[in-house]
Every structure is written in C-alpha cells, then in structure tokens.
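*Asks:* Let me see the structure of the following:
(one chain, ligands or ions: 1)
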Amino acid sequence: MTSAPSSSDPWAAIDGHDVARLNDLFDGDSERLKRLSFDVGGIHFDWSKTHLDPDLIAKFDALAEAKGFAAKRDALFSGAIVNVSEGRPATHVAERGQGSPEDVAKAAALHQRMRSMVDAIEAGAFGDVHGLIHIGIGGSALGPELLLDALGRDVGNYGVSVLSNIDGQAVDDATDPHDPESTIIVAVSKTFTTAETLMNTRAAIAWMQEAGVEDPYGRVIAVTANPEEAIKFGIDETRILPFSEGVGGRYSMWSSVGFSVALALGWEAFEQLLEGAGEMDRHFRLTEPAANVPMIAAFADLTYSQRLKCKTRAVFAYDERLRLLPSYLQQLEMESNGKSVTAEGEPLDRPSAMIAWGGTGTDAQHAVFQLLHQGTHLLPVEFVGVIEAEDSQDPAHHRALLLNAFAQGAALMAGDKSEDPYKNFPGNRPSSTILLEWLDPRTLGALIAFYEHRTFVQGILLGINSFDQFGVELGKRLARELDDPEHREKFDVSTRALIEKAGL
Ligand code: F6P
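*Replies:* This is a model prediction of the structure:
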C-alpha cells in the first residue's frame, strides 16, 4: 500500500525517520516535556510520551508546506469549497463565529431562530414540557448525545432521551421514561430522508397518538438542512429549524442540530460551547505548527499510521461524563478519513485513518489493557481526563481515577523488564494525555473542535477529502433493495438464506 520513498515524495523524510525509544527521547532532551505539552482553551495536552521529536515535527512541517496546508486551512475558514466531491464548503467554524462574514451572519440568523424556539418552549408554547426525545442518527445524534451526557447530569429541566437505532427496543427504551402529553420530539436529520430517523419519528408520533395526544405532529420540531422534506413528512414550517448545507453531519452539533442541547442545558451553556470551540478555532488558524495542538496531534497520529504502520488508536475517557467520547470520535475520524481515494479521486497510496476505538478508565484496564501492555500490536493510546472533580463527586474516587490514568501511561512507556517471559513488559508504548482543567460547555467545545481540526489536518496531509462519506451509501441502498422481494434474486446465496431463516 505504501509507495517507495523518493526524493520527490514529500513523505520520504517521514517514512525514513529514525524513531528512537521513548525513554531515550526523554534522556536526550531535558526540554522534552516543555516542548511537547501545551495549554489551550482550558485544556492541557501532553504528547511527550509519543515518538514525536523536534526533527520529526520539522519534517511534518515540511510535508504540510508541500501539501499547501496553510492555503487549505484558509479555504476552510473562508467558506471556500473544501468538500470537492460534493462541491460544498464546510462551514462548521462559521457556527462558532469564525468563518467568512456571510457564513457567520447566516449561522447567527439560524441560531436566532433556534433561540426563539427555546424561548417559546420555555414560555409554554407547547404547554408543560417535561420530556424531550431527540431522534437522529450518526452525526445527528452522536455529538448532541455526547454533550447531553457530559453536561446534562445536574440539569433537571427536561428528561432527555436520544433515539438513534432503528430497533423497536430502542424506541421503547426512548419513549418509556416519558409522559406523551408533556413530551416533545426533536427530529434531526440533515437530509430528512434517513430511514432510521423517519421510521423512529413515525413510531414516536404513533406512541403519542395511541396515548390520545391531540396533535402529535404539532409536538415535533424538525431540524434539517432540507426543510422541503420535513414539510413533506408533515411538519409545519414554523416548527422547522434549518441549518446550512455546508454543515456536515458529524460537524453539526454547533448548528440547530444542537437544539436539544440548548433546550436542556440552557441557551447560555450553548453559547459557551460555541465560544470554547471558537477559541480552539482561533488557536488552530493562527498558531505556528510547533505549538498548534490540532497539528501536533495530527503529526503524532500520522507518525503511528504512516511511519509505524499502526492500524488502530485507542481513546480512554478517564471521566464517566466523557464516556461517549470514543463513539463520537469513531464517526468523526473514521467517516472523515477512512477512504481509499484522494480528494481528486485517485487511489490513495498510503494507509488511511487508523481505526478508532476505546472505552472508559478504569473499566477498560480490566478488559483490554492486557493487549496494550503485552500484545504484539503497537498502537497509540490517548487518555482524556478532567482535573477538577464535580462538587458532588467524592474526591477520593477522582484522585484514584486520575492516578490510574497516569499510571497506565507511565507503565506503557517504561515497561518492566523481567526474565520471566510472562511478566515481561516491553515498554516503549506510546500515549498522549489530555486533561481538561474542569468540564463545562466551554472546555468541552474546545476539546471537540480540537478533534475536528486534528482530523482535518490528517485529511489534508493524506490528500483525503474529510467531508464526504460515500462509503455508507451502498449498505443503505442494499437494505432498501432487500426489502423488495423482486430484487432479492440478485443477492448471494448466504444473504438469501439469512432472509429465509429470519422469515423476512
Ligand atoms: O450514513 C451516514 C450519514 O450520512 C452520516 O454522515 C450522517 O451523520 C448520518 O448519516 C445521518 O444523516 P442525516 O442527518 O441526513 O439523517
């Protein structure tokens, strides 16, 4: 898959880079920790336990230059077309006030409409509202669900469920906790054609109808970039919250897609989220590469995926409130950069994004860390924690949690030599550590924007368009075709047998 390095290949210097052992990197550079740790937007980042070194960073700088990175970043922030296969800009930064003046003004107007809806609900336009069912899938659910789960624990205004899976059990689980009379449905779909979201919205409406709610459609708020489809579905225009076509699904929580978040956490919290992300945007746009945290993170990721041929990277949230971070990152990173063609449609001659996976500490330590410490695979690990505990949390637990995270990073790097092969830990295993000073909308906004830009940098350096997702279309089409007996004959024997076995 990898092309042979040549002097005209901008990757050649990185492919040929002599990667030292982590302990030696520390021994050889007393400034290493200082050089590779940064504080931005209330977040501390430490890449000193990765195999990056100043020379390697300089090689990535040269690669970025050869790839026209600065102009491409400018294109993102100016609202130019960066999603070339679909002929669209990617305007999520404008939602945070950081794009072109026109895009920022458009986003502000749509936010205003969203805010009016929050105010209307709070003023009783939908009667007494106690429950909220957010229906969407992929980018229309993962971001909002992460935010609600991370920040919504102590906010008691509304009981919120997020419904994404097409499984009827998921529908029951989402509706059961609610009283149909005092619940609203927020149906979120950029296209408003996604099968799961439409089917689940119909099911939630039927749940209201069966309970005798007079006008269930009147209790649905649709969030979409395709209002015509929402109107066709039966939603009145006054209850549609549009967002821009340039806002991609997995980059959309900052737009009206975050409506449930704004309602449940309050408008002020939503604004703080945007401000935190905006701070990271400015850092990303204006900071030189050697201190630019999304760039340094991307350089580390590419060291592992390209130079050391790692196939996966793992993210462990050492904070229960961030337990959904790995699922959110899976879509962000894998849907953005899991591609075999370049932005120009040429075959990609390098490995694409690593597989992202993870879990929560300390649970993961007792389940998957065996392989991380002693398995034959090399993979980068990321620890994400929060320094300040919630007032309601027992400080002893919080202390134990963070100490565990730090111990794992130290153990992975240092290892523990033993004559007994069962007890030998080879060490030299990389990790990065990200510590939020505290968890609030601002720091979480900055953290998520950091991950978005980190993904973007990798896309540019690999030559991938991070903003399309054609790879999900085939399965969707075949699911529709399988539903039609006339089309089934063209399917393989195994698939037809499975349909028969399931009696479908
Ligand atoms: O199937 C993938 C996908 O298109 C994602 O990119 C998107 O976030 C999700 O489906 C939901 O799409 P929509 O918001 O249009 O319902």
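*Asks:* Would you point out which residue of the stretch 301-450 of the chain is nearest the ligand?
*Replies:* Residue nearest to the ligand within the stretch 301-450 of the chain: Glu335 (5.8 Å; Cβ to the nearest ligand atom). C-beta coordinates here come from the backbone N, C-alpha and C atoms, glycine included.
*Asks:* Run a quick neighbour tally on that residue.
*Replies:* Neighbour count for Glu335, taken as other Cβ atoms under 10 Å: 22.
*Asks:* For it, give me the pLDDT.
*Replies:* Confidence at Glu335, expressed as pLDDT, is 98.
*Asks:* Ala4 too?
*Replies:* 47.
*Asks:* For the stretch 1-150 of the chain, list the residues in contact with the ligand, please.
*Replies:* 137-140 (Cβ under 6 Å from any ligand atom).
*Asks:* Tell me which helix or strand comes right after the worst-scoring helix or strand of the chain on mean pLDDT.
*Replies:* Each helix and strand of the chain was given a mean pLDDT (mean pLDDT, DSSP states H and E); the minimum falls on helix 485-488 at a mean of 90. The helix or strand immediately downstream of helix 485-488 is helix 493-502, counting by DSSP states H and E.
*Asks:* And the strands in the stretch 151-300 of the chain?
*Replies:* 159-163, 183-188, 220-224, 240-242 (DSSP state E, counting those that start in this stretch).
*Asks:* for the ones you listed, which one sits closest to Asp301?
*Replies:* For those, the distance to Asp301 is smallest for strand 159-163, at 28.6 Å, taking Cβ to Cβ.
*Asks:* measure stretch 182-197 end to end?
*Replies:* Using Cα to Cα, to the nearest Å, the end-to-end distance of stretch 182-197 comes to 21 Å.
*Asks:* related to what we said a few turns ago, name the nearest of the residues of the stretch 1-150 of the chain next to the ligand relative to Gly97.
*Replies:* Gly139 (20.8 Å).
*Asks:* Provide the count of other residues in contact range of that closest one.
*Replies:* Gly139 has 24 nearby residues by other Cβ under 10 Å.
*Asks:* repeat for Val220
*Replies:* Counted with other Cβ under 10 Å, Val220 comes out at 24.
*Asks:* before we move on, what about the one 4 residues further on?
*Replies:* The number of residues packed near Thr224 is 27, by other Cβ under 10 Å.
*Asks:* what do you get for Lys490?
*Replies:* Lys490, neighbours per other Cβ under 10 Å, totals 10.
*Asks:* Quick one: residues contacting it.
*Replies:* Glu481 (Cβ atoms under 8 Å, 6 or more residues apart in numbering).
*Asks:* how about stretch 353-372: buried residues?
*Replies:* For stretch 353-372, a neighbour-count test (16 or more other Cβ atoms under 10 Å) marks 353-362, 364-365, 369, 372 as buried.
*Asks:* Quick one: end-to-end length of it, please.
*Replies:* Start-to-end, stretch 353-372 (Cα to Cα) is 19 Å.
*Asks:* Tell me how far it lies from the chain's centre.
*Replies:* 17 Å (Cα atoms, centre = their mean, to the nearest Å).
*Asks:* avg pLDDT for it?
*Replies:* The model assigns stretch 353-372 a mean pLDDT of 97.
*Asks:* ok so, going back, are any of the residues of the stretch 1-150 of the chain next to the ligand buried, and if so which?
*Replies:* By 16+ other Cβ under 10 Å, these give 137-140 as buried.
*Asks:* returning to what we had before: what lies in contact with the least confident helix or strand of the chain?
*Replies:* Contacts of helix 485-488 (Cβ under 8 Å, 6+ apart): 481-482, 496, 499.
*Asks:* so, if you compare the residues you listed, which one comes nearest to Leu402?
*Replies:* Using Cβ to Cβ, the contacts of helix 485-488 come closest to Leu402 at Leu482, 48.5 Å.
*Asks:* Over to the nearest residue to Val368 once chain neighbours are set aside. Which of the three states is it?
*Replies:* Once flanking residues are discounted, Val368 sits nearest to Gly359: 6.8 Å by Cβ to Cβ, 6 or more residues apart in numbering. Following DSSP: H, G, I helix; E, B strand; the rest coil, we place Gly359 in the strand state.
*Asks:* ok, Leu25 - contacts?
*Replies:* 32, 51, 53.
*Asks:* ok, and of the contacts of helix 485-488, which contact the ligand?
*Replies:* Answer for these near the ligand: none qualify (Cβ under 6 Å from any ligand atom).
*Asks:* Now these in TSV, please, with extra columns for distance to Tyr318 and pLDDT.
*Replies:* Output for the contacts of helix 485-488, formatted as TSV (distance: Cβ to Cβ, whole Å; pLDDT from 0 to 100):
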residue	distance to Tyr318	pLDDT
Glu481	44	93
Leu482	42	92
Arg496	47	94
Ile499	44	94
